[in-house]
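Peer 1: Let's see this in three dimensions:
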Amino acid sequence: MKKIKCVVIVFLVGLGIISVWSQFYAEEITKSVNVIYFFPRDGYQNGQVGGEGQSLRNWFYYWKEGNVVSDLSQFEYKNMADYGEYNPNTGKLYVGNAVPASDIYSVTFKNQYYKTFLTSGPDGITNSSAIEDDVQLIPIGKGKPNSTAITAGADGKIDTTTLSGDDTVIGNAITTGPDGICQTTKAGDDVQVIAVGNGEPNSIIITAGSDNFLHSNKVGDDVLDLSNAIVVNHSINFSGIDCCAEACVHELKHKELYNMPGTDSDGDHIPDSYELSSSYHLDPNKSDTYDCAGTIGYGTDNEFLARMAEKTPGPRDASKDWSDTNGKNW
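Peer 2: Predicted coordinates:
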C-alpha cells in the first residue's frame, strides 16, 4: 500500500488562499473533495473598490459578479442606510446597506380621487364648490332637501305645530324643506333628529363627473368619502438575495417612469397617458393619487408604482448564494 499525501488548495478571489492538507492511503486517488466556503455577508474581504470610490461589501461584489441577482448588474454600491436610490440627474442606480437584510411591511393604499365623492360632514351643510366636470348635488350653504328633522315621540303623534323657515310637515314627521336645513325646534315628546341650523349629516354633495375623477377640494367640515375607493393591500416579506432583487426592481421602476416621454401635468414624473391607462386609475392631475404621503410618510404616484413593482422581483440564482447570513445555501 502506497502512502500518498494529497494537498488541496482553494483559491477565492479577494479572500486569499486557503490550504487544506489531507493524507490518503490508496493505490490511486479516485475521489474528489468539494470545499464549500461561505463569505461574511457584510464584510469587505473581496478587496474591491466601486465607482464611487467606496470599498465594496462582500454581498454586493459576489452577488453582482456571480450573477446571483441579475438586476444588480445595472447598479453601483453606495454606503448608505437605505435600500436603493435612482438619481435622475446622472441616470445612475444604487443599492445601499439595507439590501442584504430584510424588507417586511404591510400597507393599505386607497385611491383618493377615482369615483370618490364629498359629503357634507357632521353639520350636514355644504361648504365645498364643484370644479371642472364634478357635479354639485347640494349647493353651498344648503343641506339635503326634505330630510327628516323631527319625528313623533312615544305618543305616536307630532306635537310640534309651529314651523320655522321652509320646514315642512310630511306625514308624521317634519322635514328640512327645500333648503335642507332644520329651522324648527321640537315640542312635547317629539324627537329632534336634526339639530336646528344643521342639515342631514354626511349627505353626498359633490360627485365625480364624466372622467370619473373627483377634482373638487373639501372645505370646512365636508368629508372626502372613500367608501367606494379602489383599495390596494400591499405586503412584502423578503430577505437576502430576494430583498436585493426587490430593491433593484423598485429603483428600476423609478428609472423607467422618469425616462418616459410625454406631458406630465401633475409633476410626478409619470406621463399623463401612462397614468390614464394604468389599471390603478392614477389621476393625471394629482401627483399622489393613493396618498403615499399620508400612508407611508412620503412619495407620489411614482413611489406608489415602484412599490407595486416590488411584488415581482427580478431573477436570482439561489444555488450561487454563499452568504453566511440569510444565504440560500447556509
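Peer 1: My understanding was that E251 contacts G84; is that so?
Peer 2: Yes. The criterion here is C-beta atoms under 8 Å, and E251 meets it with G84 at 4.2 Å. Any C-beta I mention is one placed from the backbone N, CA and C, and that applies to glycine too.
Peer 1: shared neighbours, the two?
Peer 2: Counting by C-beta atoms under 8 Å, 6 or more residues apart in numbering, the shared contacts of E251 and G84 are 75, 93-95.
Peer 1: List the ones among these that fall in strands.
Peer 2: 93-95 (DSSP state E).
Peer 1: In those residues, which residue is surrounded by the most others?
Peer 2: V95 (28 neighbours; other C-beta atoms under 10 Å).
Peer 1: check contacts around that one.
Peer 2: Contact analysis of V95 by C-beta under 8 Å, 6+ apart lists 60, 72, 75-78, 83-84, 244, 247-248, 251.
Peer 1: and if we set it to 6 Å?
Peer 2: Under the criterion of C-beta atoms under 6 Å, 6 or more residues apart in numbering, the neighbours of V95 are 75, 84, 247.
Peer 1: With S106 instead?
Peer 2: By C-beta under 6 Å, 6+ apart, S106 lies in contact with S235.
Peer 1: lowest-pLDDT helix or strand in this structure?
Peer 2: strand 16-25 (a mean of 40; mean pLDDT, DSSP states H and E).
Peer 1: C-terminal to that strand, what's the next element?
Peer 2: Proceeding N to C from strand 16-25, the next assigned helix or strand is helix 58-65, under DSSP states H and E.
Peer 1: quick one: the nearest residue to K144 once chain neighbours are set aside and E132, what's the gap?
Peer 2: Ranked by C-beta to C-beta, 6 or more residues apart in numbering and with sequence neighbours excluded, the top spatial neighbour of K144 is S203, at 3.9 Å. Going from S203 to E132 by C-beta to C-beta, to the nearest Å gives 22 Å.
Peer 1: Comparing those two, which shows the higher neighbour count?
Peer 2: S203 (21 against 12).
Peer 1: Next, count neighbours for the nearest residue to F238 once chain neighbours are set aside.
Peer 2: Spatial nearest neighbour of F238, excluding adjacent residues (C-beta to C-beta, 6+ apart): E246 at 4.7 Å. E246: 27 surrounding residues under other C-beta under 10 Å.
Peer 1: do N326 as well
Peer 2: 18.
Peer 1: Distance-wise, check the nearest residue to it once chain neighbours are set aside relative to C248.
Peer 2: In space, and not counting its chain neighbours, N326 is closest to G240: 3.5 Å by C-beta to C-beta, 6+ apart. For G240, the distance to C248 (C-beta to C-beta) stands at 13 Å.
Peer 1: what about D291, neighbour count?
Peer 2: 19.
Peer 1: what's the answer for D123, then?
Peer 2: Neighbourhood size, D123 [other C-beta under 10 Å]: 20.
Peer 1: Verify the stated contact: it with N198.
Peer 2: Yes. The pair D123 and N198 passes the contact test of C-beta atoms under 6 Å, sitting 5.0 Å apart.
Peer 1: which of the contacts of V95 tops the neighbour count?
Peer 2: For the contacts of V95, the largest neighbour count, defined by other C-beta under 10 Å, is 29 neighbours, found at A247.
Peer 1: wait, is it part of a helix?
Peer 2: Yes. When classified by DSSP: H, G, I helix; E, B strand; the rest coil, A247 is found to be part of a helix.
Peer 1: Return the residues in contact with it.
Peer 2: 83-84, 95, 99.
Peer 1: how does the protein divide up, domain by domain?
Peer 2: Following automatic domain parsing, one finds the domains of the chain at 1-37, 58-110+230-311.
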